[in-house]
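Colleague: Take a look and give me a structure for this.
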Amino acid sequence: MTQPQESWLLGVVLLLATATTTHQANPSCHPVKEGMLNVHLVCHTHDDVGWLKTVDQYFYGAHNSIQRAGVQYILDSVVDALLKNPDRKFIYVESAFFFRWWNEQTPERKDVVKSLVRSGQLEFIGGGWCMNDEATAHYNAIIDQMTLGLVKLNETFGEAARPTVAWQIDPFGHSREQASIFAQMGFDGLFFGRLDHDDKNHRWDTHTMEMMWQGSQNLGDAAWLFTGVLPRGYSPPVGFCFDILCSDEPIMDDPRLHDYNVDKKVESFLKIAKAQSDGYATSHIIMTMGMDFQYQNANTWFVNLDKLIRYVNKRQSSGSQVNVLYSTPSCYLSALHDANQTWTSKTDDFFPYASGNHSYWTGYFTSRPTLKGYVRQTNGILQAVKQVASLLGMGHSEGLETLKEAMGVLQHHDAVSGTEKQHVADDYSERLAIGTKAALGVMGQALSKLQPVEALQKEKDGGTIHFCPLLNISSCPITESSSAFIMTVYNPIARPISHYVRLPVPSDTAYKVTDYKGNAVKAQLVPIPKPVLSIPGRHSTAAYELVFQATDIPPLGFLRYHIKRTSSYRILRQQISKTHSHVLGGDDPIELSGDENLAISVDPKTGLLKRVGAVRPGPIQMIPVSQNFLVYPGMAGNNTKEQYRASGAYIFRPNATEAREIAKKVNVVTVEGPLVYEVHQEWGPWVSQVIRSYMGHLNLEMEWLVGPIPIRDKIGLEVVSRVDWSSITTGNTFYTDSNGREMLKRVKDYRPTWRLHNLEPVAGNYYPVNSRLILDNGPDFRAAILTDRSQGGTSLNPGQMELMVHRRLFYDDAFGVGEPLNETQFGEGLVARGKHYLLHSSFASPECDFGCLHRTLGEELLLPPLYAFEETSALAHTWTNTAVNKWGGLGMNLPSNVHLLTLEPWGDNLLLLRLEHMYEKGESDTHSSPVTVSLKGLLADWAITGVEEMILSANLRKKDEHRLKWKVKTTSTAQASPSEQHRTNNIVHHQDPLSVTLGPMEIRTFVLTVKKASSRF
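Modeller: Numbers count the residues shown, from 1 in each chain. The predicted structure is shown next:
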């Protein structure tokens, strides 16, 4: 990957010269005093949407033996306390909890809350459904959960409640894409609590705890966000926690009492304020007055803070230069802005986060891999259901909302991160299952709506739609038991795609597959690997998978196939794959090769991948590459000192600097057929893999199966997949994605903004990989490995790619979760199954270069086709003539570099649409240029009669967005402002509101007014 060279610009640029209108969510900031140190007290509670207790338990205050926390009591108490004193202020963040509480309030109580919001006493900060994780959450899901919360706030309270400051106080590291997303959502600033301990020390010493974060190398100033690091995470100053959960002394101000302590408290506070001001650049500092689930009795806080403010400020008459006030993050940000300071800038991110020399929070990048996979899979289902509900005019539905809210909760920084207790993880999975079932019910209604009544009446059980949630373990009751069934393949991508379908079926059975035209479709029967058949809890009769290609599936549309068993031995012989079990130890390589796919070569001595090459006319260029599974033993420790830190749910700390082999050689079975070649590998009873090469596809699919991880020696194991391009020198540089969007340059044992002293050479070089890890050695060598879920990854040696796929540990790392990461299911250790995809620049073509290869594949992995099934008694030729078997919801294909990110019901005759340019600047010779799309005719059945452009979160019209300006010392590369160019392009099309221009990595958001324009349904 090419990255711009950095050179410092000595001048100053102004950010976001869009308007000079003064604005802020809270219009009632208390006045500050010039010439004094102004201490902004921010009263807050941090309410995890699940962690040690489930969401429900936290809300109601159940299971207090685990943690004393009840969110409903916090909100009740805070509202009462604010009414007692109009000077008091409080902020709230998690919309998931707030709206659960709000829905239980009386109309009179709601009016009181609305008045507190209007007056600025109660302010919403952040405002998403949760405070999302920044390492393991995908940008698609982040945008959705933020939109869910912010739009509900807008609908409930209006503009007065629109948050303008983001508040990410607890996530364990911070991504650049998150900053970019916040900026595009109209936020003026971001405050967070955690960053690397050495980075914090450096920033404190250099007075750079607050900065301008350049959130994108493509979007210019539209993605810049003022960012501040809080002084003590999000805790109050030592000695000043006045919550009922704390043991600090209250302020006792009756001089008649023996324990009178006003002077002592004031002196202590002034000393703390002075010390804190040494790390910051202005005469304003912020103090967070609250912690996890505090303010269940808000009175204890506010009574003491009222006194603290009064007695500290009273010292001003005696010459004190400290002024204390109730404040909020938006008021504090406004004061910083008014200070007219010139701020330094940052272009990288805040990963990995280390809280100590041996505590790198890089384990959670992989923790709970099956939950991470489930979240990513569910995101694809959610997008598909939103699309179909929009295209068929079904509007909002309870089923869709249930899944939106469940996915919103799962983006929480103790949910998808895998850092929750086991019973909470189980609750999260159940929420996803309930939400998915509800949303698929909507999909079933939609698919049925498109079929003629007479076609449904001819089907078994009236054409009831079935879905198969256990395809991840090669199990699907309807395909295993039915003699004939209809399969619908829905394509959620805005261009036609071709896709290989795999359906679990019994052994010794052939099938006739018929397409919508009545043509026979070529199929192959592939044996399910023995380790898959043995997965604990798998109850299935399937021993094979029926493979066929669904070709040219319409954009946001479907194809249907008639699939029927046949007793024809001739067809069975044609479809059954040739399998061969290999005896290792010879000299002749094990090779598989077809037409227009990838040739695979396996080492005859080890059974490991050896070479791969694209099959084209002429000689095949075989590229040396190996892949292996290895393990790191997890560090055991009692956590009493930093050097005794254990590897746990948060922390990755291997008890070795080199991963060890699982086996010297692997068992190999090869599978050959007309559609797919496979290499089945077994490292032993708990690690196996299938390497696949499909005809016509130029990527190598590697489906891994890991678990149950053995526990005989009571040593935790961290399992990695390592790919080694041994003949290539890439130095210490590699690239990882940021939340699935832009790529960031990584350099082993290096941080761009401070000097790294790394005592953990493996864990300290791990980064979050949401979608891909790339090696780049110039035009002749680029390689990518793509994932189907978030994982930790690195490149520890030149030409090497490493992804952690599974973890099982026996010690807690003492960062709060209170139990080891030892997942079990069905009485055994957890089994995880997932996929990696390997790409190389030699697989590219003039039509699709390397950038095109990985971006196109990444889109298909994010939004895979959705399968639906119906039993049928109809013959294929009857079905062909009576049913709607091909349907598309779009009237045209989007360009190959444009991704339809969102299509969602938004109200009566309203739809929410987001279009995204998929490429970065310079990433592709053919796809990185700006592109113009006409919305006219985009929707096949709807005429677009009105277009209103919105900010990314859809809670403000784009034309009403006014962000603060800042003076910034920046890099010369950041001067270029593509966003300005995009705005120019948009102005050109102002007379044609249906014409949309997108620059590299730009997302544009619209609310469309539509009316029905067809009679297809």
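Colleague: and the next element down the chain from whichever strand or helix holds T378?
Modeller: Counting by DSSP states H and E, the element that carries T378 is helix 369-391. Moving toward the C-terminus from helix 369-391, the next helix or strand (DSSP H and E) is helix 398-410.
Colleague: quick one: buried residues of that next one?
Modeller: Buried residues in helix 398-410, defined by neighbour count with 16 or more other CB atoms under 10 Å: G399, L400, T402, L403, K404, E405, A406, M407, G408, V409, L410. Every C-beta, even on glycine, is put in place using the N, C-alpha and C of the backbone.
Colleague: next one: stretch 644-661
Modeller: Within stretch 644-661, the residues that count as buried by 16+ other CB under 10 Å are R645, A646, S647, G648, A649, Y650, I651, F652, R653, P654, A659.
Colleague: repeat for stretch 585-594
Modeller: Buried, per 16+ other CB under 10 Å, within stretch 585-594: I590, L592, S593, G594.
Colleague: what's the answer for stretch 495-503, then?
Modeller: Applying 16+ other CB under 10 Å to stretch 495-503 flags R495, I497, H499, Y500, V501, R502, L503 as buried.
Colleague: now the second one: how far from N699?
Modeller: To tie it back to what came earlier, the one meant is I497. Distance from I497 to N699, counting by CB to CB, to the nearest Å: 14 Å.
Colleague: Kindly report the same for the last one.
Modeller: Using CB to CB, we find L503 at a distance of 21 Å from N699.
Colleague: close enough to count as contact, P993 and V947?
Modeller: Yes. P993 lies in contact with V947 (CB atoms under 8 Å); the separation is 4.4 Å.
Colleague: Now render the buried residues of stretch 644-661 as CSV, adding secondary structure.
Modeller: Formatted as CSV, the buried residues of stretch 644-661 follow (DSSP: H, G, I helix; E, B strand; the rest coil):
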residue, secondary structure
R645, coil
A646, coil
S647, coil
G648, coil
A649, coil
Y650, coil
I651, coil
F652, coil
R653, coil
P654, strand
A659, coil
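Colleague: Could you single out the nearest of those to V625?
Modeller: A659 (17.9 Å; CB to CB).
Colleague: which residues does that closest one contact?
Modeller: By CB atoms under 8 Å, 6 or more residues apart in numbering, the contact set of A659 is L630, V631, Y632, V720, R722.
Colleague: Not counting sequence-adjacent ones, nearest residue to it?
Modeller: Among residues not flanking A659 along the chain, L630 sits closest, at 3.7 Å (CB to CB, 6 or more residues apart in numbering).
Colleague: Tell me the buried residues in the helix holding T378?
Modeller: The neighbour-count check on helix 369-391 (16+ other CB under 10 Å) flags 369-391 as buried.
Colleague: Can you name every helix or strand that it contacts?
Modeller: Counting contacts by 3 or more CB pairs under 8 Å, 6 or more residues apart in numbering; DSSP states H and E, helix 369-391 is packed against helix 139-157, helix 398-410, helix 422-449, strand 800-808, strand 832-840, helix 850-862, strand 866-871, strand 898-907.
Colleague: if you compare those, which one is most tucked away?
Modeller: Per-stretch averages of neighbours, counted by mean count of other CB atoms under 10 Å, single out strand 800-808 among the helices and strands packed on helix 369-391, with a mean of 25.
Colleague: Run through the neighbouring helices and strands of that one.
Modeller: Under the contact rule (3+ CB pairs under 8 Å, 6+ apart), strand 800-808 is packed against helix 369-391, strand 700-706, strand 717-724, strand 772-776, strand 782-787, strand 791-794, strand 832-840.
Colleague: in its sheet, what does that strand sit against?
Modeller: Partner strands for strand 800-808, per DSSP bridges, with pairing direction: strand 717-724 (antiparallel), strand 791-794 (antiparallel).
Colleague: just checking, Y490 is part of a strand?
Modeller: Yes. Per three-state DSSP, Y490 lies within a strand segment.
Colleague: Quick check: beta-bridge partners of it?
Modeller: Here Y490 sits in beta bridges with F558, L866, as judged by DSSP bridges.
Colleague: okay but it is in contact with V388, surely?
Modeller: Yes. Taking contacts as CB under 8 Å, Y490 lies within contact range of V388: 7.3 Å.
Colleague: overlap in contacts of those two?
Modeller: M443.
Colleague: what ranges do the strands span in the stretch 501-650 of the chain?
Modeller: 510-514, 523-527, 544-553, 557-566, 578-582, 590-592, 598-602, 609-614, 623-624, 626-633 (DSSP state E, counting those that start in this stretch).
Colleague: Could you point out which of those sits nearest R1016?
Modeller: strand 557-566 (11.4 Å).
Colleague: Please report how far the residue lying closest to K936 once chain neighbours are set aside lies from A954.
Modeller: The shortest distance from K936 to any residue other than its chain neighbours is 4.6 Å, reached at L994 (CB to CB, 6+ apart). For L994, the distance to A954 equals 19 Å [CB to CB].
Colleague: Looking at these two now, which is surrounded by more residues?
Modeller: The neighbour comparison of L994 against A954 (other CB atoms under 10 Å) goes to A954, with 24 against 16.
Colleague: Quick check: that one vs E177, distance?
Modeller: 18 Å.
Colleague: Report the buried residues of stretch 552-566.
Modeller: In terms of neighbour count (16+ other CB under 10 Å), stretch 552-566 has its buried residues at I553, P554, P555, L556, G557, F558, L559, R560, Y561, H562, I563, K564.
Colleague: before we move on, back to that, closest one to F269 out of the buried residues of stretch 644-661, please.
Modeller: Of all the buried residues of stretch 644-661, the one with the least separation from F269 (CB to CB) is Y650, at 32.6 Å.
Colleague: where in this structure is pLDDT low?
Modeller: By pLDDT under 70, the weakly predicted segments of the chain are 1-27, 455-462, 970-991.
Colleague: Relative to its centre, which residue of it is most distant?
Modeller: Relative to the centre of the chain, and counting by CA atoms, centre = their mean, the farthest-placed residue is R256 at 57.8 Å.
Colleague: So what does it look like in phi/psi?
Modeller: Backbone torsions of R256, given as degrees, to the nearest 10, read phi -80, psi -20.
Colleague: measure stretch 580-600 end to end?
Modeller: End-to-end distance for stretch 580-600: 15 Å, by CA to CA, to the nearest Å.
Colleague: Skipping adjacent residues, who's closest to V79 in space?
Modeller: V113 (6.2 Å).
Colleague: Can you report how many residues lie near the one you found?
Modeller: Using other CB under 10 Å, V113 has 20 other residues around it.
Colleague: re earlier: can you redo the buried residues of helix 398-410 as JSON lines with distance to L225?
Modeller: As requested, the buried residues of helix 398-410 are exported to JSON lines (distance: CB to CB, whole Å):
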{"residue": "G399", "distance to L225": "35"}
{"residue": "L400", "distance to L225": "31"}
{"residue": "T402", "distance to L225": "32"}
{"residue": "L403", "distance to L225": "30"}
{"residue": "K404", "distance to L225": "26"}
{"residue": "E405", "distance to L225": "27"}
{"residue": "A406", "distance to L225": "29"}
{"residue": "M407", "distance to L225": "24"}
{"residue": "G408", "distance to L225": "22"}
{"residue": "V409", "distance to L225": "25"}
{"residue": "L410", "distance to L225": "25"}
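Colleague: Can you tell me which of these is nearest K665?
Modeller: Distance to K665, by CB to CB, is smallest for L410 among the buried residues of helix 398-410, at 40.1 Å.
Colleague: how much space between that closest one and E904?
Modeller: 18 Å.
Colleague: Now do the phi/psi pair for the closest residue to N357 other than its chain neighbours.
Modeller: Spatial nearest neighbour of N357, chain neighbours left out: L759 (4.7 Å); criterion: CB to CB, 6+ apart. Main-chain dihedrals, L759, degrees, to the nearest 10: phi -100, psi 0.
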